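[1] Dropping the sequence and predicted coords here.
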Amino acid sequence: MGIKTFVALSLLWYGTSIAAQDVDDYIRKFPGKITTRIGVQNTSNSFTVTDKETGEQSEFIPNDKTYLGLSVLFRSVEVDLGYAPSFFSENQDNQDSKLFTLNFRMFLGQWMQTLDFYNQKGFFEINEVGTTSFPEFTTLKLGGTTSYIFNKRFSFRAVGFQNEWQKKSAGSFIPSFTFYFTRFGLDALPQGNSYSYDIAIGPGYYYNWVVKNHLIVGAGTTLGFGANITRSDDETFSTGLAQVVLRTALGYNSEKFFTGLNFSAQVLEYEQEDNTVFDDAITFVELYIGYRFNAPKKWIKKADDFNRRLGLD
């Protein structure tokens, strides 16, 4: 048997076995519920500016804030809103720094689409000389990721979004395509304003371990490769790009109430060339609680009709 025949038969066997599995034994869905969640979150989008010609390197750390995150989910759609209120003590000495995030996620069958928006103001520069505050520095990031979940028994929503409940342990191969646009407002530096475009594609694997009936531990990683294009006021250049995404989660789930802890980190490492290079890192930590409510019957009917038209039932 040739290698091509072996691979083809293996893929055919894998697809057939997945199709034959009783998904309901592994995943409890809530098609008639609206899932609401509120959490205390901390996020950071730091980056490093490297001038290859001079060898000078500066790391820009955002003036971190703790903020409240509110999520509303129904069927395949999730909307997240984050805001940093002043009543948190750690947000009261941030020198007028600002942070606003908006995230949108949608599931269509085994496809998962995320869209992210980050608007941040206020950074500290750390270099060989020392630490300097730049309260007027800003970053604006817009982009997202398209992923495909191969194993229907694995629920990504059970650890990240909580509108499903993983009943039995399962894992899945999840390849992803990522695109981000970032505007760096660096008016006070010689580089001026810069615009960065990141494209990456690569494999990933995630696993949900059901410790007990209501307790779950999830973990996984994605390794991607692609390209970065950076444009400043006087030049444009491109480099190779390596992407690493890490996710871990601990959660408690029941029919109505749920709670948990999520951590994720994404690092975009650009190859060093003869020009200035940006290394971009995003971290996210969240402690949340949530509750599920009955959805209006009209919403359920419209969602059922939409799924039937797309053949998602």
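    Perfect, thanks for sending it. As the structure is a prediction and not an experimental result, all values here were calculated from the model.
[2] Please count neighbours and contacts with C-alpha atoms only from this point.
    Fine.
[3] And residue 23, its phi and psi?
    Backbone torsions of residue 23, given as degrees, to the nearest 10, read phi -60, psi -30.
[4] Just the element for the nearest residue to residue 289 once chain neighbours are set aside, please.
    Sequence neighbours aside, residue 259 is the residue nearest to residue 289 in space, at 4.2 Å (criterion: CA to CA, 6 or more residues apart in numbering). Using DSSP states H and E, residue 259 falls within strand 257-270.
[5] Likewise for residue 304?
    Going by DSSP H and E, residue 304 is in helix 297-310.
[6] which residues in the stretch 51-200 of the chain form helices?
    Per DSSP state H, counting those that start in this stretch, the stretch 51-200 of the chain carries helices over the ranges 157-160.
[7] need the strands for it, in chain order.
    Assigned by DSSP state E, counting those that start in this stretch, the strands in the stretch 51-200 of the chain fall at 57-62, 65-74, 77-83, 98-108, 111-126, 131-148, 164-166, 170-173, 176-185, 194-202.
[8] Output the below-cut-off pLDDT ranges for the stretch 1-150 of the chain.
    Where the stretch 1-150 of the chain drops to pLDDT under 70, the residues are 1-21, 64-65, 76-78, 80, 82-96.
[9] Neighbouring strands of the helix or strand hosting residue 250 in the sheet, and parallel or not?
    For residue 250, the element it lies in under DSSP H and E is strand 236-253. Neighbouring strands of strand 236-253 in its sheet, by DSSP bridges, are strand 215-231 (antiparallel), strand 257-270 (antiparallel).
[10] returning to that earlier point: would you mind identifying the next helix or strand past the strand holding residue 259?
    strand 276-294.
[11] Does anything pack onto that next one? Which helices or strands?
    Using 3 or more CA pairs under 8 Å, 6 or more residues apart in numbering; DSSP states H and E, the elements in contact with strand 276-294 are strand 33-51, strand 257-270.
[12] what angle sits between the longest one and strand 111-126?
    An angle of 40 degrees separates the directions of strand 33-51 and strand 111-126 when computed by axes from the mean of the first three to the mean of the last three CA atoms, to 10 degrees.
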